[in-house]
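In: any chance you could fold what I've pasted below:
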Amino acid sequence: MKNLKNKTVLITGGARGIGKQIAIEFAAQGCNIIICDLDKSFFNRDNFKSNIEDIENFGVSCWGYNLDVTQYQDVVDTRKKILKNVGKIDILVNNAGVVFGGKFLDISIDQHKLTYDVNTQGVVNMLHVFLKDLIDSQESHIVNIASASSFTALPSGATYASSKASVSILSESLRLELLKDGNQHVGMTIVSPAYVNTGMFDGVKEPRFIPMLTTKKLATKIVQAVIKNKLIVLEPTFVKFIPLLKAILPRFLYDFVGDILGGYNTMDLWKGHSKK
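Out: Presented below is the predicted three-dimensional model:
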């Protein structure tokens, strides 16, 4: 998708953090933006006006919808509103996510369930409702935000990592299904970053050689991936080597390296905003 000008981008979890920065970067390319979020503070009259103005300062249009991605009917109803008020979307960014850090048994079953409901089922819901519109477009793109933890172990973040692994394999499978059905005009990008400084991962200890990402850097990489129709975004640089190391090293040696680099202790002191 070499020309993004006048494309319409829908971003879930777009009120703050990575989602808001993704909205800004797409707006800078001339895209019109639809922000969907469950953040009630975002839809406060003053906050909403301020956030929308941040986007529209780029000379594009911006709309906001309160949406709970875990509720299928809510997604269906929101699509109807968008079709009526805006029209069909060209790019879908499944960014909404939650994380709960801690020992597996210390996390409540409701928190485990919410992790899967938002991170995995929420993506399924959005794709199931909006995919037909993307297929009907002449050129469209899907961006699914996964995680570097989707292809390596994350002690004290087991359900988060596994929910993101589901997003990765869902994306891979859907990409091939679209190609088999002759829908190669629907691009796919899977974003698998390490920790990002959004507040979700406050308290985590950065592994060696894997510094925490800024939202600006990641969002810029995502937009460039859409332009180049790039399938996978792995950031920062060292993350690109993790799948190779996992494939070639014996399990005991891979675990040893992961422990030495600090990758298996990063969530021990997690206190991200989802803890509230």
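
In: where does the chain have low pLDDT?
Out: Along the chain, segments meeting pLDDT under 70 span 273-276.

In: helices of that one, start to end?
Out: 17-28, 45-56, 72-85, 109-116, 122-136, 158-180, 215-228, 242-248, 251-260 (DSSP state H).

In: and the gap between Leu134 and His141?
Out: Leu134 is 8 Å from His141, where distance means CB to CB, to the nearest Å. For every residue, glycine as well, the C-beta is placed using N, CA and C.

In: mutual contacts of those two, please.
Out: In terms of CB atoms under 8 Å, 6 or more residues apart in numbering, Leu134 and His141 are both contacted by the residues Asp90, Leu92, Val186.

In: so what's the last one up against?
Out: Val186 is in contact with Leu131, Leu134, Ile135, Ser137, Ser140, His141, Ile142, Leu178, counting by CB under 8 Å, 6+ apart.

In: is it bridged to anything, and to what?
Out: Beta-bridge partners recorded for Val186 (DSSP bridges): Ser140.

In: related to what we said a few turns ago, buried members of the contacts of Val186 into PyMOL, please.
Out: Applied in PyMOL, the following selects the buried portion of those according to 16 or more other CB atoms under 10 Å:
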select buried, resi 131+134+137+140+141+142+178
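
In: thought Thr12 was touching Ile34, still the case?
Out: No. If you go by CB atoms under 8 Å, Ile34 and Thr12 don't touch, sitting 9.6 Å apart.

In: need the contacts of Val186 in CSV with distance to Gln73, can you?
Out: Converted to CSV, the contacts of Val186 look like this (distance: CB to CB, whole Å):
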residue, distance to Gln73
Leu131, 17
Leu134, 20
Ile135, 22
Ser137, 24
Ser140, 24
His141, 26
Ile142, 22
Leu178, 25
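
In: which one of the contacts of Val186 is nearest to Phe256?
Out: When the contacts of Val186 are ranked by distance to Phe256 (CB to CB), Ile142 comes first, at 37.1 Å.

In: quick check: the gap between the closest one and Trp63.
Out: 20 Å.

In: go on, His112?
Out: Applying CB to CB to His112 and Trp63 gives a distance of 33 Å.

In: return the residues in contact with Ala165.
Out: Ala146, Ser149, Ser150, Phe151.

In: residues near Val60, how many?
Out: Val60 has 21 neighbouring residues, counting by other CB atoms under 10 Å.

In: for it, give me its contacts.
Out: Ala27, Gly30, Cys31, Asn32, Ile33.

In: contacting residues around the first one?
Out: So the one you mean is Ala27. Counting by CB under 8 Å, 6+ apart, Ala27 makes contact with Ile33, Ile55, Glu56, Phe58, Val60, Cys62.

In: isn't the third one right next to Cys62, touching?
Out: Yes. Here Glu56 lies in contact with Cys62, judged by CB under 8 Å, at a distance of 5.3 Å.

In: the more surrounded of those two?
Out: More crowded of Glu56 and Cys62, by other CB under 10 Å: Cys62, with 21 against 14.

In: distance check, that one against Phe26.
Out: 10 Å.

In: repeat for Leu253
Out: Separation of Leu253 from Phe26 (CB to CB) stands at 42 Å.
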